[in-house]
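Novice: Generate a structure from the sequence data that follows.
(2 chains)
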Amino acid sequence: MFRRGRTLRFPFAPLRLCVRPLFLCAHLFCWSCFLLSSFCAYSAPAEPQRVTLPDGVRLVLKPETGTDVVAIVILVRTEENSVLDEARAELVAHALFFGSKNRSYDSVMRSLAEVGGALETARTPDYVAVTCVTVPEQLRGTVYMLCEAIKNADFTSQALDRATRSLLAERRRRAADGYEMAYAALREGLRGYAEPREAALNHVTQAQAQDYFVRHYVPAKTVVAVVGNFDAEQARRAFDADFFDYTRPLPARRAPDAPPIRPDASLPPVTLSAPGTAAYAMVGTLSPSVVSPDYPAFVALQSLLGGGHASRLFRQVRDTSGFGYDVGTVYAADRSDPLVAYLQWDTRRALTATETTQPLKSADALALLNAQLDKLLAAPPSDTELTRARNLAIGRDALRHERARDRAFFLGWYEAMGLGYAFDADLPRRLAAVTPDDLQRVAKKYLSVRASVVAMPPMR
Amino acid sequence: MKTTLLALALLLCSLAGRCAAPTAPFTLPNGLKVVVRERHATVLVGVDLWVRAGAREEGESEYGSAHFLEHTLFKGTTTRKVGDADADIETLGATLNAATGPDAAHFTTTVASSHLAEALAILADIVKNATLPETEIERERGVILDELAQHGADPSAIIVELLYANAFDSHPYRRSPGGTSAAIRARGRDTLAAFYRRTYTPDHCVLALAGDITPERAQAEAAKAFGNWHVAEKNAATPTALKALDESPLTAPRTAQANGETVYGQIGIAFRAPAASEKLMACAAEITLALLDSSSGGRLADALPTTETSVRYTPRQDASLFILLGTLSPPNESATPNARPASRLARLEEALLKSLDSLLTHPPTLGELNAAKSRVLGQEQYTQETTAGLARALGYAEIVGGDTPEAFRQRVQQLRVADVLQFVRQSLDPARRVTVKLLPKPVSSPADL
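Specialist: Numbering: from 1, shown residues only, chains lettered A, B, ... in the order given. Okay, here's the model as predicted:
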């Protein structure tokens, strides 16, 4: 299918607490509240329950009647301060289900096939998330399988080798995509550290992987969220039984060996060689963490700048200038990613006699993006613009809760990050409360330090 | 296996119980068909308007019009200027998007049920009252060229396009639904307007609504938004949608080779596959896909564990293609002359065909079949868990004449090994295959920045 507008490449992240302003425009407030009430009726009847197991694992349980499946998300908080740990962290996350002390790789794969559904592991600088969707009757077996991996994953040389090959295959796939390539480079620049290279991955020993695992995968840092068609008490008993020997202590905090060095001034543009004929220009900025009080306003900013087809970037760059099929913003706060404004165009457009527009050079593309970021710094948005941006953010939050696995993820993520699971239900209200001044304040705080990357294909 | 059977049965039961009982589609007096599924787990409604205005409807001189028109409809109506429709719908908390495929174009949004009337009014305005301004057509031309460039950077997409181009001689499926750069450059307002008048008529459309909506409300809202949509001029010719388009069967293998955006080389092997209306065989094709596909643990994962492979099949209004794709991995350090891409692709082709043949020489066991069924149903559950996914499935089935989601699940449950073998024998005959090999292309100097 050929689409009018590109679907989102990354999920948007939800918001968090913000300081409620003392004065709100009544019109804005009323319209957003009306919209808010439209979406808030979504909530399933049962409220989530939080249970802390004797070993410290926190369960957030939300039974629902309107779904066929059970989604389980296990989050282990792994605050990465040391760049040296990156390779070990990556391999451990990828090898969690490649065998344990009690079960071979083949045995684990058979279990996976039996419980059916889907199993995914994702790693970010802040956490590792294991997501499994299954049917209610397989809940017991699924709980056992997941708990066994979190407690007893065994990092044999075969497991590490398998994980390395999987990681490298994923990187090769990304390297063949201009967008992914440019995005990765931007993220490295703003985070202050690069993904571990192949040599670093190959040098991780079994002992190092095991040491990393026992230090970070501890009950006090583990949150389990379960959403769907299940009995809460049965789930609690299952996790209690299967986590009873998950007794690793919280390690003493230690100063990071090599903390990342984040930029405090804009970085010079980077140019990469990309395949094909599609070029990508990206400008990235620093961004708040989900736990920052700036978070709700920043999500509204992202919606204003590049969310939807009535955003500033879409209207000014694509609709008005006629450039860029793929233009917008991405802000994956659940990955601790920067805000990224991007533009894609066909470099061959300069090469035909029938073109009426001037060729777009990479500097021009970056200028188009930077102009919109500068505009946010210069003046607050109008009421109409902000209403659209906030309402769209509220609507997108509702859409992100359609799947049981996503509902489980957000409950678990907020709990793991220290916000509390209840923030999930409160989020739309906080979005509705963002004012024009809030938005400009966060623009001034975060949008000044920028990184730029252009991925250009070779000339034909 | 028992556990798999149990899981499969329970999944089927739970899927069936999730929505209210399906209601029959109804048709407005102007010919617009409406399909509805109630599901009140959230307050959202997925809206998906399908229009028989895909590439299949294009005449020879109209190639690219379907896609171009889909873009241009958003560029102003008799009551809204450029950007107004998007601003209006996003203020409701929703977005509007559209896509063009071989059989149809479709327009989608997901909105809170309390705003459904407003959302339908905006959607109706776009499809009924588009003005197709000349200046906006020129601006959008460049945007579409950018889109094609992005598409062209995906070697798998290029291989699939080449397979269709070589598998069909006269059918419109031989052409990419997005158009080519040359076609997009050549299309003018007159051609787009003629295509619009001919294809964007209520009797060419299916409106799918899924989520927090009752059939009664659906009827009322559809009538309110679209009821006054009448065709100003009648096209005397029978709509292409209702005609079966002739295409001679393949009688011998066909091969093609091209250079493209691939690092080591890629291959595609295709076979003519059942149309959506051949419901049993279309279902057998989907199960065969799951039996083979490496990403779902199928036979290709064991046969070619270090090679990236995938299998694709989408039932269409007419016979489409069942496709196997393979990507060469980096050659070994001790590579010999036989490790050239062409030789390696030949060996990969052999291995892929051997995997297909294994379905006949070692037919799937009951356990294997049930595992494949679980994977297919699991994928269905995933895509239809959202109101947008459910609306899409409903609308697409209606447009191409396939099974409804409920009927498909039932058919999966009843499918036998014999049905799979019938499909393999009937469709996956190596003597009637089409093969495309994509070799790396040489790169010249880096772009002048």
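
Novice: CA only for contacts and neighbour counts going forward, please
Specialist: Noted.

Novice: From B:Ala94, how far out is A:Ser311?
Specialist: As judged by CA to CA, to the nearest Å, A:Ser311 and B:Ala94 stand 13 Å apart.

Novice: Between the two, which has more neighbouring residues?
Specialist: Looking at A:Ser311 and B:Ala94 with other CA atoms under 10 Å in any protein chain shown, you find the greater number of neighbours at B:Ala94, namely 28 against 25.

Novice: in its sheet, what does the helix or strand containing B:Thr108 sit against?
Specialist: Element membership for B:Thr108 (DSSP states H and E) is strand B:105-112. In the sheet, strand B:105-112 lines up against strand B:44-51 (antiparallel), strand B:97-100 (antiparallel) (DSSP bridges).

Novice: list the buried ones in the last one?
Specialist: Within strand B:97-100, the residues that count as buried by 16 or more other CA atoms under 10 Å in any protein chain shown are B:Asn97, B:Ala98, B:Ala99, B:Thr100.

Novice: Bridged to the third one, which residues?
Specialist: On DSSP bridges, the residues paired with B:Ala99 through beta bridges are A:Arg3, B:His106.

Novice: list the contacts for it?
Specialist: By CA atoms under 8 Å, 6 or more residues apart in numbering or on different chains, B:Ala99 lies in contact with A:Met1, A:Phe2, A:Arg3, A:Arg4, B:His67, B:Glu70, B:Ala105, B:His106, B:Phe107.

Novice: these two touch, right, the first one and B:Gly101?
Specialist: Yes - counting by CA atoms under 8 Å, a contact exists between A:Met1 and B:Gly101, whose distance comes to 4.7 Å.

Novice: In terms of neighbours, single out the busier of the two.
Specialist: In this view A:Met1 and B:Gly101 are compared by other CA under 10 Å, and B:Gly101 has more residues nearby, 22 against 16.

Novice: Kindly provide the distance from that one to chain A.
Specialist: Counting by CA to the nearest CA, to the nearest Å, the gap from B:Gly101 to chain A is 5 Å.

Novice: next one: B:Pro25
Specialist: Applying CA to the nearest CA to B:Pro25 and chain A gives a distance of 24 Å.

Novice: Quick check: which element contains the closest residue to that residue other than its chain neighbours?
Specialist: Once flanking residues are discounted, B:Pro25 sits nearest to B:Val35: 4.6 Å by CA to CA, 6 or more residues apart in numbering or on different chains. Assigned by DSSP H and E, B:Val35 belongs to strand B:33-38.

Novice: Pull the residues that contact the helix or strand that contains A:Ile150.
Specialist: Using DSSP H and E, A:Ile150 sits in helix A:139-152. With CA under 8 Å, 6+ apart as the test, helix A:139-152 has contacts from A:70, A:96-97, A:99-102, A:108, A:111-112, A:115, A:132, A:134, A:217, A:235, A:238-239, A:242-243, A:245-246.

Novice: quick one on the thing from earlier: in its sheet, which strands sit next to the strand holding B:Val35, and in what direction?
Specialist: If you go by DSSP bridges, strand B:33-38 pairs up with strand B:26-27 (antiparallel), strand B:205-211 (parallel).

Novice: wait, which of those strands is closest to B:Leu377?
Specialist: Judged by CA to CA, the one of the strands paired with strand B:33-38 that comes nearest to B:Leu377 is strand B:205-211, at 19.1 Å.
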